[in-house]
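Visitor: the sequence isn't on hand, but the structure is:
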């Protein structure tokens with residue numbers, strides 16, 4: 001009788017365990033059935049940009065390029081002063097993986113030249129927006145702030161028409177024009193005509209379309225150039241050429257300025273643009289490597 005009771009107890013225990021397993025299986029089946037619905041609403045994280053770091057800004061411009069951009073640097077007789085001029089001055093930054101920059105300034109008997117190079121690495125904080133897309137949005141904002149004129153025909157326009165067509169804005173968004181400052185400066189009639197139209201040289205009477213502020217092709221993923229002529233004080237003419245381009249999630253900005261030391265001398269637009277574009281091409285190639 002005792003053995004029979006023991007067998008009955010074991011049978012009851014097995015029945016209870018089987019019931020428990022059946023319940024667990026039902027519960028697990030319910031969980032499994034819900035998985036397809038959960039995966040359908042999963043968020044896909046956008047891919048990060050190509051660049052995770054930035055170059056050392058004061059080291060990206062080689063000595064030969066600085067010689068071309070800052071002619072006065074070769075006139076410095078003091079070796080220590082010349083070496084310091086080549087080194088440049090880094091801009092203040094709190095995260096060198098996100099933003100870096102460098103400035104150079106050299107004075108000579110003919111002119112004073114300024115060069116500024118800035119790198120910004122864009123990171124999107126929205127998991128649904130890629131770093132590249134966010135950089136593209138920010139670059140579009142900068143280009144809009146530059147207020148580039150509408151493209152004109154390939155031929156030169158009349159001075160009055162060119163003065164209206166080449167108005168632009170500085171990077172801060174303030175309206176400006178290469179015509180208005182120079183028109184008020186006490187220069188010769190030829191220089192005034194040239195300045196009013198933002199021309200490449202003091203004897204030109206109109207601005208060639210290829211020298212106007214414009215969107216650039218074949219530089220990074222997208223790029224633009226701005227060219228502004230203004231008066232520093234009441235006499236000296238100062239030209240500022242800005243070249244900005246984007247490569248993936250990095251935005252590069254080059255600001256190149258020249259202020260003539262001689263009254264009535266207008267800094268040459270074509271020459272300054274060529275120098276700035278040459279540097280921009282070098283930097284874009286280095287980023288692409």
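Guide: Noted; the coordinates are in hand. Just so you know, these numbers come straight off a predicted model, no measurement behind them.

Visitor: least confident secondary structure element in the chain?
Guide: helix 189-196 (a mean of 34; mean pLDDT, DSSP states H and E).

Visitor: so residue 137 is in which element?
Guide: Applying DSSP states H and E as the criterion places residue 137 in helix 131-146.

Visitor: tell me how far residue 262 lies from residue 236.
Guide: 8 Å (Cβ to Cβ, to the nearest Å). Backbone N, C-alpha and C define where each C-beta goes, glycine included.

Visitor: the two: who's more crowded?
Guide: For residue 262 versus residue 236, the count of surrounding residues by other Cβ atoms under 10 Å is larger for residue 236: 19 against 12.

Visitor: who does that one bridge with?
Guide: residue 232 (DSSP bridges).

Visitor: that one against residue 259, yeah?
Guide: Yes. Residue 236 is within contact range of residue 259, at 5.4 Å (criterion: Cβ atoms under 8 Å).

Visitor: how about the helices in the chain?
Guide: Under the criterion DSSP state H, the chain carries helices at the ranges 2-40, 63-69, 79-87, 131-146, 159-165, 180-183, 189-196, 269-288.

Visitor: could you list the domains of the chain?
Guide: As recorded under automatic domain parsing, the domains making up the chain are 1-42, 57-288.

Visitor: which of those comes out lowest on mean pLDDT?
Guide: When the domains of the chain are ranked by mean pLDDT, domain 1-42 comes last with a mean of 48.

Visitor: sorry, back to before: just the buried positions in the helix holding residue 137, please.
Guide: Burial within helix 131-146, assessed by neighbour count using 16 or more other Cβ atoms under 10 Å, is assigned to 131, 132, 133, 134, 135, 136, 139, 142, 143, 146.

Visitor: same for it, what does it pack against?
Guide: strand 168-169, strand 222-232, strand 236-247, strand 250-260 (3 or more Cβ pairs under 8 Å, 6 or more residues apart in numbering; DSSP states H and E).

Visitor: who wins for proximity to residue 104 among the ones you listed?
Guide: strand 250-260 (9.8 Å; Cβ to Cβ).

Visitor: name the helices or strands packed onto the closest one?
Guide: In terms of contacts (3+ Cβ pairs under 8 Å, 6+ apart), strand 250-260 is packed against strand 111-121, helix 131-146, strand 236-247, helix 269-288.

Visitor: can you rerun that using 6 Å?
Guide: Packing contacts for strand 250-260, counted by 3 or more Cβ pairs under 6 Å, 6 or more residues apart in numbering; DSSP states H and E, involve strand 111-121, strand 236-247, helix 269-288.

Visitor: what's the angle between it and strand 222-232?
Guide: 30 degrees (axes from the mean of the first three to the mean of the last three Cα atoms, to 10 degrees).

Visitor: pick the most deeply packed of the helices and strands packed on strand 250-260.
Guide: Using mean count of other Cβ atoms under 10 Å, the stretch among the helices and strands packed on strand 250-260 with the largest mean neighbour count is strand 236-247, at a mean of 23.

Visitor: residues in contact with that one?
Guide: Contacts of strand 236-247 with the rest of the structure, by Cβ atoms under 6 Å, 6 or more residues apart in numbering, involve 135, 139, 219-230, 232, 252-260, 266-267, 272-273, 276, 280, 287.
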